[in-house]
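Enquirer: Below are the sequence and a predicted model; questions follow.
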Amino acid sequence: MVAELGGARPCHPDLAGKVALVTGGSRGIGAQTCATLAENGVKVAVNGRDQAAIDAVVGGIAAAGGTAVAAPGDVTDEADVRRIHDIVERELGPVDILAAFAGGQGTPAPTVELGADRWRAIIASDLTSVYLTAAAFLPGMISKGAGSIITMSSAAGRRPGGSNAAYAAAKVGVVMFTRHLAGEVGRHGVRVNCIAPSAVLNDRMRRFMSAEQRDELAAAYPLGRIGRPDDVAQAVLYLASDASSWVSGATLDLTGGRVSV
């Protein structure tokens, strides 16, 4: 479920007892984020569409002594998002931390071959889902006068690359949505920030790239390696915690030095 880790583990005791929802939390970066938040005492709601994958993350957190619940559903569907909201509040209470990570449809494709249906599906998956989730959980944060929202962009939204155009457009949209929302809700004590990872080791990369190909990719990064899910999860901890209490509207490039905007 989680990446192999090494070295000292940062601790954020101010997070203990808080409630988080991680959309796209059943695999990869999302699953690692769920586990890392739980390590810091956060009660985590794990969202995704694959019940078995969600259950594996929830079970792993429980086995490690943490608290987690399943919150399955499609975050591109407004009715489903409302249902997810109700599950989380009923099981854990009001959300303090929202990690809007669902999406990831960046598979390369020529623009002329995308087609309108696929374009709309990618925009829904990687941009509209962020809006729907934030809109559902913001009222509770505003009411409390506190909250941290972390959105997921991508290196594809920071400079042209190999992903399809719809994905790149969606991820640029996430960056600007984050900035706009941060300015809008800051007076209510709610912070909104964005992370923009580049290549991060996941199951898909393991399936479709040989070890030699991964080594070649790593050589393109100034720090000499590709990312790990925990690199992203540790950034989420920072943005969720009081350590970043004066940070809002920012986009953090997690790219091993390859992207600097």
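Expert: Here it is on my side, so go on.
Enquirer: any idea which helix or strand carries residue 231?
Expert: helix 229-240 (DSSP states H and E).
Enquirer: Figure out how far the next helix or strand after that helix is from the centre of its chain.
Expert: Heading C-terminal from helix 229-240, the first helix or strand you meet, by DSSP H and E, is strand 251-254. With CA atoms, centre = their mean, to the nearest Å as the basis, strand 251-254 stands 12 Å off its chain's centre.
Enquirer: the helices in the stretch 51-200 of the chain, which residues?
Expert: 51-63, 78-91, 111-114, 116-123, 129-144, 165-185 (DSSP state H, counting those that start in this stretch).
Enquirer: Quick check: mean pLDDT of the last one?
Expert: Same thing as helix 165-185. Regarding helix 165-185, the rounded mean pLDDT is 97.
Enquirer: now swap in the second one and tell me
Expert: Averaged over helix 78-91, pLDDT sits at 98.
Enquirer: Which residues outside that helix are in contact with it?
Expert: Contact with helix 78-91 is made by 19, 21, 45, 47, 69, 71-75, 95, 132-133, 136-137, 140, as judged by CB atoms under 8 Å, 6 or more residues apart in numbering. C-beta coordinates here come from the backbone N, C-alpha and C atoms, glycine included.
Enquirer: between that helix and helix 129-144, how many degrees?
Expert: Per axes from the mean of the first three to the mean of the last three CA atoms, to 10 degrees, the angle that helix 78-91 makes with helix 129-144 is 40 degrees.
Enquirer: Return the alpha-carbon coordinates of helix 78-91 using PDB.
Expert: Listed next in PDB are the C-alpha coordinates belonging to helix 78-91 (Å, rounded to 0.1, in the frame of the first residue of the first chain):
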ATOM      1  CA  GLU A  78     -22.200  16.000  -7.700                       C
ATOM      2  CA  ALA A  79     -24.700  13.600  -6.000                       C
ATOM      3  CA  ASP A  80     -22.000  11.200  -5.200                       C
ATOM      4  CA  VAL A  81     -19.900  14.000  -3.700                       C
ATOM      5  CA  ARG A  82     -22.700  15.000  -1.400                       C
ATOM      6  CA  ARG A  83     -23.100  11.300  -0.300                       C
ATOM      7  CA  ILE A  84     -19.300  11.200   0.400                       C
ATOM      8  CA  HIS A  85     -19.600  14.300   2.400                       C
ATOM      9  CA  ASP A  86     -22.400  12.800   4.500                       C
ATOM     10  CA  ILE A  87     -20.400   9.600   5.100                       C
ATOM     11  CA  VAL A  88     -17.300  11.400   6.300                       C
ATOM     12  CA  GLU A  89     -19.300  13.700   8.600                       C
ATOM     13  CA  ARG A  90     -21.300  10.800  10.000                       C
ATOM     14  CA  GLU A  91     -18.300   8.500  10.600                       C
END
